[in-house]
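Enquirer: Model the following, please.
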Amino acid sequence: ISKGPGNAKAVKATAVPPGPPVYLDLVYIPNHSNSKNVDVEFFKRVRSSYYVVSGNDSAADEPSRAVLDSLLEGKAQWESNMQVTLIPTHDSEVMREWYQETHEKQQELNIMVLASSSTVVMQDESFPACKIEL
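Expert: Reported below is the predicted structural model:
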């Protein structure tokens with residue numbers, strides 16, 4: 001909120017300020033892929049070959065469908081059609097629905113969603129894992 005003498009106006013803040021793009025090999029989408037921190041501007045600016053999407057709590061909107069849709073919208077504005085791999089850390093209903101509903105758009109934008117097919121066992125715990133090579 002910006003306040004001046006006798007008036008107040010709301011100003012929408014973006015998670016990532018506008019500017020030139022940054023290119024990275026691997027990006028972990030912050031805060032369990034919550035839409036409060038990641039928007040279209042994030043994906044327009046933070047360009048990566050791999051994005052790790054965490055979150056396994058549908059009650060907390062994790063991962064956020066809005067974040068997944070922002071990836072599609074942001075990547076559509078890139079000058080190149082470089083391949084992007086999305087790596088979910090958990091199998092979730094949100095991720096499955098998004099994958100099915102937007103599969104054609106993902107192919108058009110050269111986005112591949114990597115599903116885990118391996119399990120890592122460490123001491124007393126086991127968890128799904130994906131192997132990536134940079």
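Enquirer: From here on, just use CA atoms for contacts and neighbour counts.
Expert: OK.
Enquirer: Give the rounded mean pLDDT of the strand or helix carrying residue 96.
Expert: Here residue 96 sits within helix 93-108, counting by DSSP states H and E. Helix 93-108 comes out with an average pLDDT of 93.
Enquirer: which other helices and strands contact it?
Expert: With contacts defined as 3 or more C-alpha pairs under 8 Å, 6 or more residues apart in numbering; DSSP states H and E, helix 93-108 has these neighbours: helix 65-75.
Enquirer: in the helix holding residue 96, what's buried?
Expert: By 16 or more other C-alpha atoms under 10 Å, the buried positions in helix 93-108 come out as 94, 95, 99, 106.
Enquirer: For residue 126, see how far away the third one is.
Expert: According to C-alpha to C-alpha, to the nearest Å, residue 99 stands 25 Å off from residue 126.
Enquirer: do residue 101 as well
Expert: With C-alpha to C-alpha as the criterion, residue 101 and residue 126 are 30 Å apart.
Enquirer: now residue 86
Expert: For residue 86, the distance to residue 126 equals 22 Å [C-alpha to C-alpha].
Enquirer: likewise residue 94?
Expert: 23 Å.
Enquirer: Now do whatever helix or strand residue 50 lives in: which elements does it pack against?
Expert: For residue 50, the host element (DSSP H and E) is strand 46-53. With contacts taken as 3+ C-alpha pairs under 8 Å, 6+ apart, strand 46-53 sits against strand 22-28, strand 84-88.
Enquirer: Just say which of those strands is most tucked in.
Expert: Neighbour counts (mean count of other C-alpha atoms under 10 Å) averaged over each of the helices and strands packed on strand 46-53 peak at strand 84-88, with a mean of 20.
Enquirer: who does it pair up with?
Expert: Strand pairing for strand 84-88, using DSSP bridges, gives strand 46-53 (parallel), strand 111-113 (parallel).
Enquirer: That one versus helix 93-108: what angle between them?
Expert: Comparing the axes of strand 84-88 and helix 93-108 via axes from the mean of the first three to the mean of the last three C-alpha atoms, to 10 degrees yields an angle of 170 degrees.
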